[in-house]
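1. Structural data only, the sequence is not supplied:
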């Protein structure tokens with residue numbers, strides 16, 4: 001494993017800072033985008049002011065039920081927490097330039113085979129999206145969002161495009177690797 005979990009901030013710590021800075025006038029909303037009993041996708045929205053109609057930032061997460069660990073009993077709750085962590089990172093609540101939360105990196109640790117760097121299959125035979133290489137830069141993610149907006153793609157249609165182009169139904173924008181983001185940018189151009 002090429003990373004240390006203690007270098008990553010928890011979603012709870014990000015939330016504490018968010019509420020301290022924005023108080024009761026802010027809000028966090030989550031929506032379950034898909035659920036099939038064994039996996040789910042959540043979208044989280046961050047609003048700095050309760051009166052805002054457009055979120056300051058969004059984030060997505062996907063989790064798959066497992067036969068051990070936190071996802072054996074709480075994969076839905078874990079997914080919602082991860083989506084909140086991504087949304088908070090997207091609006092500046094990520095310390096030391098590390099966008100993934102500790103929970104997300106623990107997910108990588110759970111699914112990655114330490115000898116090969118490849119993804120271990122889940123009990124259902126599917127695999128989670130944990131590609132090798134550097135994460136996409138905030139500039140790449142922002143550019144993808146701009147291109148999608150210019151193409152009149154809402155978040156769900158963009159997610160569908162990512163799934164189709166990467167041939168991976170578990171891929172989410174915020175967890176793309178740099179080479180994957182480049183591919184999506186080329187498709188959107």
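-> Received it, and whenever you're ready, just let me know what you need. These numbers were taken from a predicted model, which means no experiment stands behind them.

2. C-alpha from now on. contacts and neighbour counts both.
-> Noted.

3. I'd like to know which helix or strand in the protein has the lowest mean pLDDT.
-> The weakest-scoring helix or strand in the chain, judged by mean pLDDT, DSSP states H and E, is helix 102-111 (a mean of 54).

4. Next secondary structure after it?
-> Downstream of helix 102-111, the first helix or strand assigned by DSSP states H and E is helix 138-150.

5. Can you give the domain ranges for the chain?
-> According to automatic domain parsing, the chain comprises the domains 1-129, 131-189.

6. Okay, strands next: where are they in the chain?
-> Applying DSSP state E to the chain gives strands spanning 27-35, 39-47, 57-64.

7. any idea of the mean pLDDT in the longest helix seen in the chain?
-> Determined from DSSP state H, the single longest helix within the chain is helix 75-90. Here helix 75-90 scores 89 as its mean pLDDT.

8. Would you mark the buried spots in it?
-> For helix 75-90, the buried set under the neighbour-count rule, 16 or more other C-alpha atoms under 10 Å, comprises 75-76, 78-90.

9. repeat for stretch 42-51
-> Buried, per 16+ other C-alpha under 10 Å, within stretch 42-51: 42, 43, 44, 45, 46, 47, 48.

10. Would you mind listing where the protein has pLDDT under the threshold?
-> 1-8, 95-134 (pLDDT under 70).

11. still on that earlier bit, return the list of helices and strands in contact with the longest helix of the chain.
-> Judged by 3 or more C-alpha pairs under 8 Å, 6 or more residues apart in numbering; DSSP states H and E, the packing partners of helix 75-90 are helix 11-22, strand 27-35, strand 39-47, strand 57-64.

12. Same list (those) but as CSV, adding distance to residue 71.
-> Formatted as CSV, the helices and strands packed on helix 75-90 follow (distance: least, C-alpha to C-alpha, whole Å):
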stretch, distance to residue 71
helix 11-22, 17
strand 27-35, 14
strand 39-47, 10
strand 57-64, 7
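
13. Packed most tightly, which of the ones you listed would that be?
-> Among the helices and strands packed on helix 75-90, ranked by average contacts under mean count of other C-alpha atoms under 10 Å, first place goes to strand 57-64 (a mean of 25).

14. number of nearby residues for residue 159?
-> As a burial measure, residue 159 scores 18 neighbours (other C-alpha atoms under 10 Å).
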